[in-house]
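Student: following is a predicted model, sequence given first.
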Amino acid sequence: MKSLCLIIGLLFLAPVLPKNPIEDITLDKNHKVESTFSGNIDGEDSFHLIIAKNLNAKTYDIIPYHYSSGEVIKLKTISFSKLPNVLSFHNNDNVLSLIAKSKEGKSEKIRVLDLDLKTGETKKSDSFSTDDFKAIIRQKNRNVLLYADKESIKLVDATSAISTKTINVKPDESALEFFKTLSNNSIDAINNNEFVANGSINDFRAYFEENTLTITQEDTKEGLTNMIQIPMENGNDLTVVAKELKSESVSGKIKKSTSYFSEDKLYQLRLNKDEAKLDVFDLSNASNKTVDMLEDSFKSLVSNKNKSEGFLKNSSKNSNAPTLTTNKANNGNIKLRFDYVNKNTYKYRYNWWWHHHWMMQQMMWHQQQQMHMRASGFGPNPIEDIYWYKEEQTHFEIGLDNSGNLISTEGLETVHKDIDKKKYVDELDENKS
C-alpha cells in the first residue's frame, strides 16, 4: 500500500493559514501517482485530486477527495485511457466541474467533467478539439474556452457537462488584422476576482466582466491599445469591431507602454525618456482623462514617493516591463498599482496556482521522506515554472474616486487582499513536522 500525506483545507488567499488536519490517504499498490490538483469550493470546503496510473487496468485514474466540515470524503474514480491534464474548475451548488484535457486517439480533446459532491457520480461532456485553442477564462460558476483562427473566434461557454454554449465571432473590416494577429499569438486571461499585483505583459489579454469578454492587444511601438468586446448574451453568431485607444498626451517616441481593463475603463500607461502619462478611457461615454505622473499633484498622493521616483528609470530599462493594475477599494474607489517586472522571467498566473504549488511542496517533501516515489507536483502535468513576484517590493499605488479624481491611498483598503504568498510557502518549507 502507498500512502500520501496531504494537508487538507482552505488555503485559498487566506490572510493566515488555518489549522487543517493532516490526512493519510492510502492508494492501492497498483496505482502510481502522476500528479495532483487541488482547489477551493465554498467557504472552507475544498477538493483534491490524485491523478494516478492504474498498472492493472492500464488506465489513468482521477481519484477525487472532497474536504467538507472537517471530513475528507473519497469519491468515485474517473478513468481515462490516456493521462489527463486538469486545466481549470468551477462549481455550482453541489456539482464540481473540471475542465480536463487528454489524448483521445491521435489528437488531444477537452471535456467537462461534472462531479456530484453528494453522490460521487460523474458526467462527461462531448469532447472539444484543442485545435486553435488559446485560453480558458475561469469564473466561479463557469469556464469559457477561447479559440481563435485568422478569420474567427469561437467561445465555448461551459457551465456544466450537459450545459455548454458555442458562440461564433466574426470580425468586421476594422477587426481583420486584430483577428489575424491574435491567431498567431498566445493570450493571458486576467482574473479580476482577486487582488492583481501585476497583470500580464503579454501582447494579448482577455478580461471577463458583466458577461462581456474584452480582448486587448498592446502595440508598444506605437503606444496604443487595440480592443474588441464580445457581449456573450447577444446571441450565438456575432460580428465585432476593433477600437484603437491612443492618447496624444505624450510627445515624441514612446519607450514603454501597457494597459489594464476594468469596469468598462481602459487604464493606459505610456512612458518615454522625459514623460509619464496615465490615460483613463471610459468606454461607457467615450471620454478620456489624462494624468501627468510627473506633476507635484500626483507625486503628493502616491503611497511611496521613493518607489514612485525610481519607477520611470527602472521600468524603462531594456530588461524590464512596466505593469499597471487596478483593484477595487472601499466606497467604490479604485487603487491603481504601478510596478515593473523582469520581462525575461515574469509570467502572469492566477493566485489559485499558488495553492497547487504550495500543496506540491508539501507532497513532494513527504514523498521524498516516506515513499521516494515519483510525482510531478500539484497542478497541470508537466508542472510549469513558478515565478515569484520578487523579494524586493518596488510598486507604488495611487487612488481614484468615483469621479476619476486622484485621491490619497491612506485608509484606502482593497476588496481583495494582497497576500504575500511566498512568505507562507517559505514558512511551510521550513516546518518539516
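Tutor: Arrived safely, thanks for sending.
Student: which element, helix or strand, includes Val156?
Tutor: In this assignment (DSSP states H and E), Val156 forms part of strand 153-160.
Student: any idea which helix or strand comes after that strand?
Tutor: Heading C-terminal from strand 153-160 (DSSP H and E), you reach strand 163-171.
Student: report the angle between that following strand and strand 153-160.
Tutor: On the basis of axes from the mean of the first three to the mean of the last three C-alpha atoms, to 10 degrees, strand 163-171 is oriented at 170 degrees to strand 153-160.
Student: the helix or strand following strand 163-171 - contacts with which helices or strands?
Tutor: As assigned by DSSP H and E, the chain's next helix or strand after strand 163-171 is helix 176-183. When contacts are defined as 3 or more C-beta pairs under 8 Å, 6 or more residues apart in numbering; DSSP states H and E, helix 176-183 sits against strand 142-148, strand 212-219. All C-beta atoms are positioned from the backbone trio N, CA, C, and that covers glycine.
Student: can you list the strands that the strand holding Val156 pairs with?
Tutor: With DSSP bridges as the test, strand 153-160 is paired with strand 142-148 (antiparallel), strand 163-171 (antiparallel).
Student: gap between the last one and the chain center?
Tutor: Here the centre of mass of C-alpha atoms in strand 163-171, compared against the chain's by C-alpha atoms, centre = their mean, to the nearest Å, lies 22 Å away.
Student: likewise for the shortest one?
Tutor: Offset of strand 142-148 from its chain centre (C-alpha atoms, centre = their mean): 13 Å.
Student: how far away is Asp132 from Glu108?
Tutor: 12 Å (C-beta to C-beta, to the nearest Å).
Student: following the lowest-mean-pLDDT helix or strand in the chain, which helix or strand comes up?
Tutor: Least confident element among the helices and strands of the chain, by mean pLDDT, DSSP states H and E: helix 352-366 (a mean of 46). Downstream of helix 352-366, the next assigned helix or strand under DSSP H and E is strand 396-400.
Student: quick one: closest of the helices and strands packed on helix 176-183 to Asp157.
Tutor: strand 142-148 (5.4 Å; C-beta to C-beta).
Student: orientation of the closest one relative to helix 176-183 in degrees?
Tutor: Using the same axes, to 10 degrees: strand 142-148 against helix 176-183 is 110 degrees.
Student: average pLDDT across strand 142-148?
Tutor: Averaging the model's pLDDT scores along strand 142-148 yields 97.
Student: who's in contact with it?
Tutor: For strand 142-148, contacts defined as C-beta atoms under 8 Å, 6 or more residues apart in numbering pick out 88-90, 97, 99, 110, 112, 128, 131-137, 153-159, 179, 182-183, 187, 189, 206, 208, 213, 232.
Student: what do you get for stretch 404-413?
Tutor: 280, 282, 289, 291, 297-298, 301-303, 329-330, 333, 335, 397-401.
Student: run the chain-centre distance for it.
Tutor: Worked out by C-alpha atoms, centre = their mean, stretch 404-413 lies 26 Å from the chain centre.
Student: picking up where we left off before, buried ones among the contacts of strand 142-148?
Tutor: 88-90, 97, 99, 110, 112, 128, 133-137, 153-159, 179, 182-183, 187, 189, 206, 208, 213, 232 (16 or more other C-beta atoms under 10 Å).
Student: all helices of the protein, in order?
Tutor: 176-183, 296-299, 305-315, 352-366, 421-430 (DSSP state H).
Student: low-confidence ranges, the protein, go.
Tutor: 1-23, 350-391, 421-422, 424-429, 431-433 (pLDDT under 70).
Student: if we go to 80?
Tutor: In the predicted model, the chain carries pLDDT under 80 at residues 1-26, 43, 249-252, 349-392, 419-433.
Student: now the strand holding Val156 against strand 212-219, angle please.
Tutor: Using the same axes, to 10 degrees: strand 153-160 against strand 212-219 is 140 degrees.
Student: contacts for strand 153-160, please.
Tutor: 90, 92, 95, 97, 99, 112, 114, 123, 125, 128, 132, 141-148, 164-169, 179, 182, 213, 230, 232.
Student: so what's Ile230 bridging to?
Tutor: Leu213.
Student: how about it, what does it touch?
Tutor: By C-beta under 8 Å, 6+ apart, the neighbours of Ile230 are 153, 155, 167, 169, 212-215, 238, 240.
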